[in-house]
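Undergrad: need a structure here:
(one chain, ligands or ions: 1)
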Amino acid sequence: MADAPRLAELANNEKVSINLRDGFPNPYTLADAEKFIGMCLKHDPAQVLAIEYNGEYAGNIGLHPGDDVYRKSAEIGYFIGEPFWNKGIMSRAVELMVEYGFSHLDIVRIHTGVFEYNTASQRVLEKCGFKKEGVFEKSVFKSNRLWDEVRYALVRTAFG
Ligand SMILES: CC(C)(COP(=O)(O)OP(=O)(O)OC[C@H]1O[C@@H](n2cnc3c(N)ncnc32)[C@H](O)[C@@H]1OP(=O)(O)O)[C@@H](O)C(=O)NCCC(=O)NCCS
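TA: Below you'll find the model as predicted:
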């Protein structure tokens with residue numbers, strides 16, 4: 001919870017929110033940060049973790065398991081504050097989260113969708129071994145426009 005003020009500061013950035021669902025508040029307030037962290041703290045084992053860089057809070061990464069027949073899959077989601085971009089931090093965080101997910105959560109598949117213009121996030125997933133599974137044309141309505149979404153997944157290879 002001590003990270004809440006810095007989370008609010010880093011998340012309150014249109015260059016961040018433009019890449020995320022509208023459920024990610026914009027503007028992003030301290031109350032939003034406290035509510036989000038409060039939700040994260042309820043999961044055991046943890047599903048959302050803070051990303052630290054040189055001991056400093058820099059962003060979040062989370063795995064959200066599906067339900068019903070999708071319960072062996074999880075969606076990965078992440079963001080890092082703009083001062084930390086392009087240092088390889090998210091690529092490392094995704095690698096670590098994949099390891100964590102496959103060892104601590106009962107899942108065999110990790111997937112996500114990236115808006116067509118978010119080439120940095122597509123690159124992160126490709127660097128981490130995710131496979132591009134397809135393009136969902138015009139599936140995203142964001143900033144009053146339709147966009148394609150690029151879908152990626154990584155399947156745990158040891159699983160049959
Ligand atoms: C996208 C995001 C997660 C990237 O995090 P990061 O820590 O900067 O990522 P990394 O440094 O590990 O890797 C970024 C890669 O994208 C590349 N890249 C950066 N900007 C790019 C651009 N505009 N076009 C193409 N590639 C780009 C970098 O060169 C790097 O690739 P490289 O290692 O081959 O050089 C970060 O910018 C972010 O949190 N953005 C806002 C929220 C968001 O987009 N979340 C993901 C939603 S799917």
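
Undergrad: which stretches in the protein count as helices?
TA: 4-11, 14-17, 30-40, 89-104, 119-127 (DSSP state H).

Undergrad: what mean pLDDT would you report for the longest one?
TA: When pLDDT is averaged along helix 89-104, the result is 97.

Undergrad: by how many degrees do that helix and helix 119-127 diverge?
TA: Between helix 89-104 and helix 119-127, the angle comes out at 50 degrees (axes from the mean of the first three to the mean of the last three Cα atoms, to 10 degrees).

Undergrad: how about helix 89-104, does it reach the ligand?
TA: Yes. Counting by Cβ under 6 Å from any ligand atom, contacts between helix 89-104 and the ligand involve I89, M90, S91. (Glycine included, C-beta is placed from N, CA and C.)

Undergrad: buried ones only from those residues, please, as a PyMOL command.
TA: Those of the residues of helix 89-104 next to the ligand that count as buried under 16 or more other Cβ atoms under 10 Å are selected in PyMOL with:
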select buried, resi 89+90
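
Undergrad: nearest to D148 among the residues of helix 89-104 next to the ligand?
TA: Nearest to D148, judged by Cβ to Cβ, of these is M90 at 21.6 Å.

Undergrad: show me what contacts that closest one?
TA: M90 makes contact with I51, G59, I61, Y78, I80, S121, V124, according to Cβ atoms under 8 Å, 6 or more residues apart in numbering.

Undergrad: which two among those are spaced furthest apart?
TA: I51 and S121 (14.3 Å).

Undergrad: which parts of the chain are strands?
TA: Using DSSP state E, the strands of the chain run over 48-53, 56-65, 73-80, 109-115, 131-142, 145-155.

Undergrad: compare those strands and report which one is nearest to E9.
TA: E9 lies closest to strand 56-65 among the strands of the chain, at 9.9 Å (Cβ to Cβ).

Undergrad: pLDDT weak spots in the chain?
TA: 158-160 (pLDDT under 70).

Undergrad: next, format the helices of the chain as JSON lines and append distance to L146.
TA: Below are those laid out as JSON lines (distance: least, Cβ to Cβ, whole Å):
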{"stretch": "helix 4-11", "distance to L146": "25"}
{"stretch": "helix 14-17", "distance to L146": "18"}
{"stretch": "helix 30-40", "distance to L146": "27"}
{"stretch": "helix 89-104", "distance to L146": "26"}
{"stretch": "helix 119-127", "distance to L146": "18"}
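
Undergrad: to T157, which of those lies closest?
TA: With Cβ to Cβ as the criterion, T157 lies closest to helix 89-104 of the helices of the chain, at 9.8 Å.
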